[in-house]
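Visitor: no letters, just coordinates:
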């Protein structure tokens with residue numbers, strides 16, 4: 001069988017900004033020197049400091065070297081060697097899929113903190129058929145990025161066993177990888193791995209740390225005031241660019257839209273406006289402490305732009321921006337004079353999720369609601385939620401729960417009597433558990449009504465779940481989301497597990513269903529493939545044939561012309577597609593697809609929900625951090 005050779009192609013990357021602070025300039029020069037030699041580096045720095053910008057800059061310099069051009073020249077011959085190595089081990093269809101995923105010369109980033117732990121090894125190394133139930137052969141990132149750079153952010157978040165296997169990949173003398181259940185080792189001499197972490201060095205395995213690469217230290221933005229002042233107008237311009245009422249904004253600035261070639265953010269008028277506003281707020285920004293670094297600053301500025309309801313004229317637009325920024329600067333930064341003392345939680349034991357992360361989180365969301373286990377701390381709730389989730393499709397007895405909780409000193413008052421009268425009784429009262437009679441000892445199991453709410457069937461993939469949501473909480477966040485939907489159409493709602501993201505958006509959809517049509521899809525491990533298959537199946541039920549032969553490579557374009565046949569407008573307002581649990585995807589290509597969907601599916605408003613927003617999405621989606629259910 002003949003396989004079409006993928007084109008060796010340089011990835012167009014935005015390396016962020018020109019450094020202005022002396023420290024940052026020195027760091028960028030250091031990275032440039034290592035990139036010119038193709039030497040891997042490991043970047044240490046706080047979350048949001050710009051570690052991925054630095055990795056992109058490394059790649060940009062790398063692509064200008066002679067040896068990168070040599071890689072490109074040698075790619076045809078090396079491609080044939082790869083085919084010869086793989087061909088004896090895989091079928092023609094498996095080979096075709098592998099070749100379609102190859103990205104020679106590319107830059108690819110992945111955030112280890114957003115990978116579900118059970119999937120980390122599969123995503124990085126790949127897996128062969130038979131690795132687990134219903135597993136189909138799939139290559140990993142390490143073997144598909146050829147003669148390019150793979151950037152692994154927050155590498156310290158990888159499970160220890162995956163770090164151990166990654167040792168063979170980052171060791172320059174070995175540089176090998178193997179798929180789960182694979183039959184041979186593939187070479188990684190044609191890949192540069194750049195890694196980053198917000199953790200101190202002592203948190204990484206010593207043998208792993210010393211082989212990752214050369215240390216690079218990047219400070220947080222509180223210590224880089226010149227960089228901050230450089231970036232403020234950039235973020236303001238980007239926020240204006242993301243507004244959906246661009247025609248009104250063009251008119252407000254007096255910019256002709258005829259024969260328009262430049263993006264709104266690149267016009268002289270918008271850039272001048274951004275510089276003027278930057279000068280007015282620079283002192284306020286520099287006098288605050290930005291624990292979230294560049295991400296927090298970007299969100300505060302973009303939110304201030306999006307909250308402006310109508311761009312009537314420049315003066316009112318500027319006044320509204322200043323007003324909103326005075327609110328958001330307090331929300332996303334801290335008073336440098338405030339002192340907080342934190343102690344290490346002695347109860348922090350490893351708590352491993354189950355095979356049903358969706359169920360883990362839904363149970364935890366129930367526990368975190370006001371009035372539900374108020375006398376139990378978050379760690380204890382998480383431990384209890386994991387146990388209950390692990391009993392899905394089975395039963396348990398009270399002594400089994402008691403024995404499990406005794407492993408965790410964090411859980412107090414866990415006597416059998418206390419568990420029966422307080423914990424089990426509450427779960428039964430809330431219709432999460434039910435009792436089964438017969439045999440020796442009472443058995444408990446999750447109710448079908450509760451699990452049916454959690455697991456969406458393929459037949460009603462776009463139906464909004466009917467969850468039991470008590471109280472009138474999140475009033476301010478509800479109002480804020482409604483305001484944002486008036487000015488932006490791409491939103492990512494993020495917050496740690498247990499913060500009630502699903503409950504929040506489900507309640508919001510039901511409350512607003514008279515205003516818009518909402519469609520909901522829970523993705524999980526299956527990722528966007530489940531969404532695409534659900535859309536195709538729904539279109540076929542409407543006797544529409546989208547001719548979807550190759551969903552892997554072309555699904556977004558295939559589906560786009562038919563979107564409004566399935567997702568209906570209401571009173572001229574665009575339909576809203578909500579995608580939940582996007583961070584659990586097993587396919588690293590999904591984040592690139594989310595970006596493509598944001599650019600191409602203009603017929604829809606997209607709302608994504610996940611634990612943590614990937615850096616790759618910041619340019620196209622507005623980050624909407626969600627607070628915990630309970631007041632601190």
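Guide: Sure, I can see it. Predicted model only: the values in this text are computed from it and were never measured. Numbers count the residues shown, from 1 in each chain.
Visitor: list the contacts of residue 101.
Guide: Counting by CB atoms under 8 Å, 6 or more residues apart in numbering, residue 101 touches 139, 144, 589. Where you see a C-beta, it was placed from the backbone N, CA and C, and this is true even at glycine.
Visitor: try it again at 7 Å.
Guide: Contact partners of residue 101, counting by CB atoms under 7 Å, 6 or more residues apart in numbering, are 139, 144.
Visitor: distance check, it against residue 86.
Guide: With distances taken as CB to CB, to the nearest Å, residue 101 is found 12 Å from residue 86.
Visitor: ok, residue 139 next?
Guide: Residue 139 is 9 Å from residue 86, by CB to CB.
Visitor: common neighbours of those two, please.
Guide: residue 98.
Visitor: these two: who's more crowded?
Guide: Taking other CB atoms under 10 Å, residue 139 and residue 86 do not tie; residue 139 has more neighbours (23 against 18).
Visitor: can you give me every residue that contacts that one?
Guide: 98, 101, 126.
Visitor: ok, residues contacting stretch 576-591?
Guide: The contact list for stretch 576-591 (CB under 7 Å, 6+ apart) reads 110, 114, 116, 119, 122-123, 141, 357-358, 502, 505, 509, 516, 518-525, 527-529, 531, 567, 604-612, 614, 616-617.
Visitor: can you map out the helices along the stretch 451-600 of the chain?
Guide: Assigned by DSSP state H, counting those that start in this stretch, the stretch 451-600 of the chain shows helices spanning 475-484, 501-511, 528-541, 551-559, 563-566, 590-600.
Visitor: in this structure residue 220 contacts residue 50, no?
Guide: No: if you go by CB atoms under 7 Å, residue 220 and residue 50 don't touch, sitting 9.4 Å apart.
Visitor: which one's more surrounded, these two?
Guide: Ranked by neighbour count (other CB under 10 Å), residue 220 and residue 50 place residue 50 first, with 29 against 19.
Visitor: how much space between the residue nearest to residue 179 when sequence neighbours are not counted and residue 114?
Guide: Once flanking residues are discounted, residue 179 sits nearest to residue 126: 3.9 Å by CB to CB, 6 or more residues apart in numbering. Residue 126 sits 19 Å away from residue 114, taking CB to CB as the criterion.
Visitor: residue 34 in helix, strand or coil?
Guide: helix (DSSP: H, G, I helix; E, B strand; the rest coil).
Visitor: how near is it to residue 213?
Guide: Where residue 213 is concerned, residue 34 sits at a distance of 8 Å (CB to CB).
Visitor: residues touching the lengthiest helix in the chain, excluding its own?
Guide: When the chain is parsed with DSSP state H, its longest helix is helix 66-86. Under the contact criterion CB under 7 Å, 6+ apart, helix 66-86 has outside partners 3, 5, 8, 38, 62, 95, 98, 104-105, 147.
Visitor: quick check: closest non-adjacent residue to residue 227.
Guide: Per CB to CB, 6+ apart, closest to residue 227 is residue 21, 4.6 Å.
Visitor: state the phi and psi torsions of residue 623.
Guide: Reported as degrees, to the nearest 10, the phi and psi values for residue 623 are phi -80, psi 130.
Visitor: pretty sure it sits against residue 613.
Guide: Yes: look at residue 623 against residue 613 with CB under 7 Å: they come within range, at 5.3 Å.
Visitor: ok, back up a step: I'd like the average pLDDT over the longest helix of the chain.
Guide: Across helix 66-86, pLDDT averages out at 95.
Visitor: try stretch 406-415
Guide: In this model, stretch 406-415 has a mean pLDDT of 67.
Visitor: just to revisit the earlier point, the helices of the stretch 451-600 of the chain: which one's closest to residue 448?
Guide: helix 501-511 (19.1 Å; CB to CB).
Visitor: any buried residues in that closest one, and which?
Guide: 501-509 (16 or more other CB atoms under 10 Å).
Visitor: tell me the secondary structure for residue 434?
Guide: Residue 434 is classified as strand under three-state DSSP.
Visitor: who's in contact with it?
Guide: 428, 445, 447.
Visitor: and with 6 Å instead?
Guide: residue 447 (CB atoms under 6 Å, 6 or more residues apart in numbering).
Visitor: give me the neighbour count for residue 243.
Guide: 19.
Visitor: measure the closest residue to it other than its chain neighbours to residue 245 for me?
Guide: Leaving aside its sequence neighbours, residue 243 sits nearest to residue 487 (CB to CB, 6+ apart; 5.3 Å). From residue 487 across to residue 245, the span is 7 Å (CB to CB).
Visitor: who's more crowded, these two?
Guide: Remark: of residue 487 and residue 245, residue 487 carries more neighbours, 19 against 16, as counted by other CB under 10 Å.
Visitor: isn't the more buried one right next to residue 305, touching?
Guide: No: with contacts defined as CB atoms under 6 Å, residue 487 does not count as touching residue 305, sitting 7.8 Å away.
Visitor: you'd agree residue 3 is in a helix?
Guide: No: checked against three-state DSSP, residue 3 lies outside a helix; its state is coil.
Visitor: what about the spatially closest residue to it that is not a sequence neighbour, how many neighbours?
Guide: Nearest residue to residue 3, sequence neighbours excluded (CB to CB, 6+ apart): residue 99, at 4.7 Å. Residue 99 has 18 neighbouring residues, counting by other CB under 10 Å.
Visitor: now do residue 99, the pLDDT please.
Guide: 94.
Visitor: can you tell me how far it is from residue 322?
Guide: Residue 99 is 54 Å from residue 322, by CB to CB.
Visitor: likewise residue 81?
Guide: From residue 81 to residue 322 the distance is 61 Å (CB to CB).
Visitor: could you do residue 108 as well?
Guide: Taken as CB to CB, the span from residue 108 to residue 322 is 40 Å.
Visitor: please apply the same query to residue 397.
Guide: For residue 397, the distance to residue 322 equals 62 Å [CB to CB].
Visitor: residue ranges with poor pLDDT in the stretch 251-400 of the chain?
Guide: The stretch 251-400 of the chain contains residues with pLDDT under 70 at 259-261, 337-353, 355-358.
Visitor: tell me the secondary structure at residue 606.
Guide: Residue 606 ends up strand, using three-state DSSP.
Visitor: just confirm it contacts residue 488, I think it does.
Guide: No: in this structure, residue 606 is not within contact of residue 488 by CB under 6 Å, at 10.2 Å.
Visitor: more neighbours, the two?
Guide: In terms of neighbours (other CB under 10 Å), residue 488 is the more surrounded of residue 606 and residue 488; the figures are 22 against 18.
Visitor: what's the pLDDT at the more buried one?
Guide: In this prediction residue 488 is given a pLDDT of 89.
Visitor: got the contact list for it?
Guide: Contacts of residue 488 (CB under 6 Å, 6+ apart): 242, 306, 622.
Visitor: do that again at 8 Å, thanks
Guide: 242-244, 306, 622.
Visitor: look up how far residue 380 lies from it.
Guide: Going from residue 488 to residue 380 by CB to CB gives 38 Å.
Visitor: can I get the contacts of residue 139 in CSV with secondary structure?
Guide: What follows is the contacts of residue 139, written out as CSV (three-state DSSP):
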residue, secondary structure
98, helix
101, helix
126, strand
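Visitor: circling back: and the residue nearest to residue 3, what are its phi and psi?
Guide: phi -60, psi -40.
Visitor: the one 3 residues further on now?
Guide: With angles defined as degrees, to the nearest 10, residue 102 shows backbone torsions of phi -70, psi 140.
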